[in-house]
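J.: here's my sequence, what's the structure:
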Amino acid sequence: MYLRRVDYQLRMYTVRPGEMSEWISEWHRHVSPLRRKFGFEILGPWVIEEEERFVWILGHGGEAGWEAADTAYYESEERRTLEPDPARHLAQVEHWMMRPA
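T.: Okay, here's the model as predicted:
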């Protein structure tokens, strides 16, 4: 039996003070559907309210690999033309690739 490999990335964003509601709304309307369109699966999201943090886990198991899929997403017409850019709500972006333990 063939099991496809899925790569996962933990993403943690620090959202600008007072902008969490607007960020979450735009993430659900734009970021999440567009990521799914490019073959990503989304586990999450979660909010750490005391720290203004938005956390999500993003997975991709396509043949092209993580880097190619992520590049295709960011270089796509749909992502480049999102107006206004949802990333304007983010003060800091951190992400780490994860592997099963």
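J.: which SSE is residue 43 in?
T.: Element membership for residue 43, per DSSP states H and E: strand 40-48.
J.: would you put the C-alpha positions of that strand in CSV?
T.: Taking Å, rounded to 0.1, in the frame of the first residue of the first chain, the C-alpha atoms of strand 40-48 are listed here in CSV:
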residue,chain,number,x,y,z
PHE,A,40,-2.5,22.6,0.8
GLU,A,41,-4.4,21.2,3.7
ILE,A,42,-5.0,23.2,6.8
LEU,A,43,-5.0,21.9,10.4
GLY,A,44,-6.2,24.7,12.6
PRO,A,45,-6.2,27.7,13.1
TRP,A,46,-5.8,28.7,16.7
VAL,A,47,-5.4,32.0,18.5
ILE,A,48,-3.3,32.8,21.6
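J.: name the residues of it that are buried.
T.: Going by neighbour count (16 or more other CB atoms under 10 Å), the buried part of strand 40-48 is 40, 42, 45, 47. Placement of C-beta: from N, CA and C, glycine included.
J.: partner strands of it and their direction?
T.: strand 53-60 (antiparallel) (DSSP bridges).
J.: next, name the residue at the spatial heart of the protein.
T.: residue 58 (5.9 Å; CA atoms, centre = their mean).
J.: I'd assumed residue 11 was in contact with that one.
T.: Yes: between residue 58 and residue 11 there is a contact under CB atoms under 8 Å: 6.1 Å.
J.: what bridges to the residue nearest to the centre of the chain?
T.: Counting by DSSP bridges, the residues bridging with residue 58 are residue 9, residue 42.
J.: what pLDDT does the model give it?
T.: At residue 58, the pLDDT value in this model is 95.
J.: tell me which element residue 70 falls in.
T.: If you go by DSSP H and E, residue 70 is part of helix 66-75.
J.: do you know how far residue 54 is from residue 72?
T.: 23 Å (CB to CB, to the nearest Å).
J.: check residue 84 too.
T.: Going from residue 84 to residue 72 by CB to CB gives 22 Å.
J.: so how far is the strand holding residue 43 from its chain's centroid?
T.: Centre-to-centre, strand 40-48 and its host chain are 8 Å apart (CA atoms, centre = their mean, to the nearest Å).
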